[in-house]
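[1] prediction below, plus the sequence it came from.
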Amino acid sequence: QVQLVESGGGLVQAGGSLRLSCVASGSIFSINSMGWYRQAPGKQRELVASISSGDSTYYADSVKGRFTISRDNAENTVHLQMNTLKPEDTAVYYCHALLVEVTGWGYESDYWGRGTQVTVSS
């Protein structure tokens, strides 16, 4: 069984910084991509940033230049450094991984963390 566990959320003033981390554990054969989504109250979940196994990155336009995603393949960990935070960044942030389990017969599966709250005060 695979688990994703996030950490690092919290309350910060506008202009501040937070660093989110997510560790994937369990019967993992390989992780193809990892990323962060967020969902604000009354809004749909949206992709914030993602990183492939080859370190190709994607960022939503709203966070470009402020957020940086990185991963440690040896530790099955992904980080999201969030700088110059704005009140509109307030949301629950979810870690996502597209991975192949040891017993997954080579098929990719989506896994999600439970989410961590990020609140940015004005």
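    It's in.
[2] quick one: contacts for the most centrally placed residue in the chain?
    Among the residues of the chain, the one closest to the centroid is residue 36, at 2.5 Å (Cα atoms, centre = their mean). When the contact criterion is Cβ atoms under 8 Å, 6 or more residues apart in numbering, the partners of residue 36 are 20, 22, 47-50, 69, 78, 80, 93-96. (Each C-beta comes from the backbone N, C-alpha and C, glycine too.)
[3] for those residues, which entry has the maximal number of neighbours?
    Across the contacts of residue 36, neighbour numbers were computed from other Cβ atoms under 10 Å; residue 78 holds the maximum, 28 neighbours.
[4] my read: it touches residue 22, true?
    Yes - with contacts defined as Cβ atoms under 8 Å, residue 78 counts as touching residue 22 at a distance of 5.0 Å.
[5] if we can go back for a sec, okay, and which of the contacts of residue 36 map to strands?
    Among these, the residues falling in strands (DSSP state E) are 20, 22, 47-50, 69, 78, 80, 93-96.
[6] that older thread, report the separation between the residue nearest to the centre of the chain and residue 89.
    Residue 36 sits 11 Å away from residue 89, taking Cβ to Cβ, to the nearest Å as the criterion.
[7] over to residue 41?
    Distance, residue 41 to residue 89, using Cβ to Cβ: 13 Å.
[8] and if you look at residue 104?
    Residue 104 sits 34 Å away from residue 89, going by Cβ to Cβ.
[9] quick one, which of these two is more surrounded?
    Comparing residue 104 with residue 89 by neighbour count (other Cβ under 10 Å), the higher total belongs to residue 89, at 22 against 15.
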